[in-house]
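Asks: predicted model follows, preceded by the sequence.
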Amino acid sequence: MSAMPLEGVRIADFTWVGVGPFATKFLADFGADVIKIESTLNVDVVRKGRPFAGGQPGLNRSGYFANRNSSKRSVTVNLKNPEGLILAKDLIRGSDVVINNFSSGVMEKFGLHYAEVSKLNSEIVYVDMPMQGMVGPHSGFRGYGAMINALSGLYASTGLPGRRPIGTGTNYPDHVPNPLHAAIAIVAALEYRSHGGGGRYIEISQLESTANVLGPYLMEALNATAPDEILGNNHAVGLPQWVLPCRNEEWCALTVRTDEQLNKLFAIIGMDPLQSAKTSIDAHQSDQSDATSALKEYVARWLSKQTAEEAMTILQNSGIPAGKVKNAKDLLNDPQLMHRGHWVSVDHPEMGKSIHDGPVAQLKKTPARLSRPAPLLGQHTREVMLEVLNLKEDEFERLRLQGVFT
Amino acid sequence: MNALENLRVLDLTDELGGYSTKLLADLGAEVIRVDPPEGGLLERAPYLDQEKKISLFDVFFNQNKKRVTLNLSDSKGRELLAHLWRSSDVVVWSSIDGISDTRWPIIDSLRGNPNQIVCLITPFGLDGPYRHFAASDAVIMALGGFLSISGYPDCPVVPFGEQSYYAASLHAALGIVVASAHRTNGGEGQEISVSAQDAVAHALENAIQYYDLENHIRSRIGDKEPAIGTGVFKCRDGYVFLMAFLHGTPLRWPELVEWLKDEDVEGSEILTDSQWTNLDWVTTDEAKNQFREIFESFSSKIDKLELYEEGQRRGVNICPLNTLSDCADSPQLRSRGFFRNGAVKILGEELEFPGPPFRIDGFEQSAIEAFGPGDHDQEILAPLCQEDTVLNRREGI
């Protein structure tokens, strides 16, 4: 097997909760040595977040935590203890990346902000991931990941026309744009450094990062006078598209992308094309208001008589984009996800075996892998102190008794 | 100087993967985008001017890319593509039609050079039972599980902005920079396969683990508040988002109550009672409705930005439910210079662009330029062939 692509990269990981740990998980799965700096005095809230293995709460039992902290090591160090802070700085000296997602000012309080850290290690790639940036009139404002949904416009833009907007049902920015933009920037900066470019400071404003996945529409808001519209389940460029109920409280999404598909759809649902004033995709696109209503009625009636799986199969066999709205249970049995090996079973010392998300980008020669389960709180303190920081056994013991590793 | 300035990328993406190469261009890679002669593959809504074919989708995704046009149904066009392919470090291909795309046999015939990085982005992957499935963003969101948790309890809602495309593109870009790092460190190039369905299934928060560990299937909760004061509330010019409780714990509740009392909001005096932090009470519909009535009697008279700034000054977890227009006016984004003017060649004017998603110190933010299809035909294609490419283009190559 080839070496892991990020082997030899050490990351001093001060992140916690949602967004930061996901960013470093991607790097850990590609072989970076990610050392989570934690504390028993102020535990990552996601360690306390449901679901728990067997439904039993415990700091080392959260599936939410386990899934976003695979392949990492954990040390507990009390940064408020001067000797603990020295150890953290020693760790930073020997690291390639330092990352945190605290509010602006927290790392500064410990003297672990970039200006100081770059003096310890001029080759460091240092990442801040504040909500809205380190500077600016709202940089000190309080918030949680959910609020980035609201500030970016994603929340207000998602919903059905005429109803209260509802957002995406998740803290989407924490799971997709923000951790991935951070991971991409880190690897690019490391790449630059390996060409002799030296250390780098990276700022990921979570709001600016999320604004990018709304880019074309934000450009519309910036440059055109188009009203803010809610598309609901309508297609972005006006193709006929619906998400409709089937039998047994299941749902099916379908989109019609070509005239050929439209004609096949007429045949499947038993609609005489003459009953629809619009028999071409272009006609549907140019007139959203009533174009689809007669067709939609027919589609809805047809769907209500099928299960979502049956409907999907029939439509897909005619080349019409259609998909069952799958829930978590369905997904674990989805033949395509299984074919790609998307779900990975990881054996954890306290949780036993549980299902994790596998890596999405599948690299043929150097695939990412979940090389170890999420660490127990402080599981690797001794190992890291002795092997990475070269503490002597008696020194480690002395510091331990002083409560440095809490 | 910029992070990926030594990387040459051949961009054969459609809407599914266009964001991945946009990110590589943001990081300084030389991205050469290929479009068919009949028009840009990304020319779609939203438009600045549909008649003049000024597509903001195209402009946003193709900023700072070089653009050539090739007719791939012609052998000369395919030859030129092979030239470009051979001289690239990275090739990115995507198609919403997956391997049913008519371009796939051409792509398939060119892959396989061990020194190159070739990233193939499709809705479901290159093989497996769904390999020929037809797709759209909504269909990928359905089959990736997102629509089981996004929407109202009585109806799934597709998240705004075709997010499955971004999820797939982001994972692809990560795979590409990681593969590039591997190559820089002496390793070979390699192929990367990205399935948008995988990318969406990866974005379900803790839904998979909830089922696996607690046998609970997460469903759409829509706008149902988990507790009082946690969700969307009316204000004079729209809505604000308030978080008074998180996972059953009150957040800055005294500050919120103090604010309402200072504003002499009718009914606010009852909120000091200790039952208003008792989880048994604050999760009832009665409590939620009572709080909503009190809060909205105040908030509905004030604008979102004013509620935001005053609430935050008092330490309350509140923010505006921004529309995209509000976001475009955000004092925070404006003060940070997040929006920058860029030259849009096809328009002959400047437009305002959102800045890149990351700021890497010391890397210059180059001037934004958005070119039209074929703007670099002469510069890039001419050296590749003897004939005058402008002439070829007239002949449909």
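Replies: Yep, that arrived. This one's a predicted model, so the numbers in the text were calculated from it and none came from an experiment.

Asks: so which helix or strand takes in the spatially most central residue of chain B?
Replies: For chain B, the residue nearest the mean C-alpha position is B:Tyr166 (4.1 Å; CA atoms, centre = their mean). Element membership for B:Tyr166, per DSSP states H and E: helix B:163-184.

Asks: ok, then the element right after that helix?
Replies: From helix B:163-184, the next helix or strand downstream (DSSP H and E) is strand B:191-195.

Asks: that next one: what's the following helix or strand?
Replies: Immediately after strand B:191-195, counting by DSSP H and E, sits helix B:196-201.

Asks: and the contacts of that next one?
Replies: A:176, A:331, A:334, A:336-337, A:340, A:342, A:357-358, A:360, B:16, B:121-125, B:130, B:135, B:140-141, B:143-146, B:164-165, B:167-168, B:170-171, B:208 (CB atoms under 8 Å, 6 or more residues apart in numbering or on different chains). All C-beta atoms are positioned from the backbone trio N, CA, C, and that covers glycine.

Asks: hmm, 7 Å instead?
Replies: A:331, A:336-337, A:340, A:342, A:360, B:16, B:123-124, B:140-141, B:143-146, B:164, B:167-168, B:171 (CB atoms under 7 Å, 6 or more residues apart in numbering or on different chains).

Asks: just the buried residues from these, in ChimeraX please.
Replies: Applying 16 or more other CB atoms under 10 Å in any protein chain shown to the contacts of helix B:196-201, the buried members can be selected in ChimeraX as follows:
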select /A:331,336,337,340,342,360 /B:16,123,124,140,141,143,144,145,146,164,167,168,171
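
Asks: so which of the contacts of helix B:196-201 belong to helices?
Replies: A:Leu331, A:Gln336, A:Leu337, B:Ile140, B:Met141, B:Leu143, B:Ser164, B:Ala167, B:Ala168, B:His171 (DSSP state H).

Asks: grab the nearest non-local neighbour of A:Val299.
Replies: A:Ile269 (5.7 Å; CB to CB, 6 or more residues apart in numbering or on different chains).

Asks: quick one: pLDDT of the one you found?
Replies: On the pLDDT scale, A:Ile269 is placed at 95.

Asks: close to chain A, is the helix holding B:Tyr166?
Replies: Yes - interface with chain A: helix B:163-184 contributes B:163, B:166-167, B:170-175, B:177-182, B:184 (CB under 7 Å from any CB of the partner chain).

Asks: so who does residue 213 touch?
Replies: Let's take chain A. A:Pro177, B:Gly161, B:Gln163, B:Tyr166.

Asks: switch to chain B, that's the one I care about
Replies: A:Pro51, A:Phe52, A:Ala53, A:Gly63, A:Ser354.

Asks: could you redo the last one with a cut-off of 6 Å?
Replies: B:Leu213 makes contacts with A:Pro51, A:Ala53, A:Gly63, A:Ser354, as judged by CB atoms under 6 Å, 6 or more residues apart in numbering or on different chains.

Asks: picking up where we left off before, does the residue nearest to A:Val299 touch A:Arg301 like I think?
Replies: No - look at A:Ile269 against A:Arg301 with CB atoms under 6 Å: they stay out of range, at 7.6 Å.

Asks: surely A:Val98 is within a helix?
Replies: No - going by DSSP: H, G, I helix; E, B strand; the rest coil, the assignment for A:Val98 is strand, not a helix.

Asks: and it, how close does it get to B:Ala142?
Replies: Distance of A:Val98 to B:Ala142, given as CB to CB, to the nearest Å: 40 Å.

Asks: what about those two, which has more around it?
Replies: Taking neighbours as other CB atoms under 10 Å in any protein chain shown, A:Val98 and B:Ala142 compare with B:Ala142 leading, 30 against 27.

Asks: please report the distance of that one from B:Ser193.
Replies: 21 Å.

Asks: with B:Gln378 instead?
Replies: Distance from B:Gln378 to B:Ser193, by CB to CB: 35 Å.

Asks: you'd agree A:Glu383 is in a strand?
Replies: No - the assignment for A:Glu383, made by three-state DSSP, is helix rather than a strand.
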